[in-house]
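J.: next one to model:
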Amino acid sequence: MGLLWGIRFVFALIREIICAIVDVCYRCVSGDIDPYIAKVPTILKRPAAQTMLANSITYTPGTVSIDVVGEEPSNIILVGTISPRPKEAIIPLEPHIKRWLE
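T.: From the prediction side, this is the model:
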């Protein structure tokens, strides 16, 4: 079952990267850039899952994970984004990682 969720995660990550590329290109052309650092709480408990989430954030254009801070149950990922956005837009892959690695 874990392998199936891993495969789904990879395809979801590719989809998110493509959407982020389009978004970043649009923002660069339109000049709609407002750098922002967000404190994003995560429901993931295992360090491997948190690392995978942080890496997937960094792989996505327009976002970069800065640090994972806090202890269970309130782990927070500091994320630099090209513009302010809601938590769901920053970490849409969290449910996939939870099913795959936890």
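
J.: the closest residue to K98 other than its chain neighbours is in what secondary structure piece?
T.: Closest residue in space to K98, ignoring its immediate chain neighbours: L44 at 6.2 Å, by Cβ to Cβ, 6 or more residues apart in numbering. For every residue, glycine as well, the C-beta is placed using N, CA and C. Using DSSP states H and E, L44 maps to neither a helix nor a strand.

J.: repeat that for E71.
T.: Going by DSSP H and E, E71 is not in any helix or strand.

J.: count the neighbours of it for me.
T.: Burial of E71 is recorded as 6 neighbouring residues (other Cβ atoms under 10 Å).

J.: report the separation between it and Q50.
T.: As judged by Cβ to Cβ, to the nearest Å, E71 and Q50 stand 12 Å apart.

J.: assign the residue lying closest to V79 once chain neighbours are set aside to helix, strand or coil.
T.: Spatial nearest neighbour of V79, excluding adjacent residues (Cβ to Cβ, 6+ apart): A38 at 4.9 Å. Going by DSSP: H, G, I helix; E, B strand; the rest coil, the secondary structure assigned to A38 is strand.

J.: separation between A38 and L53?
T.: Here the criterion is Cβ to Cβ. By it, A38 lies 14 Å from L53.
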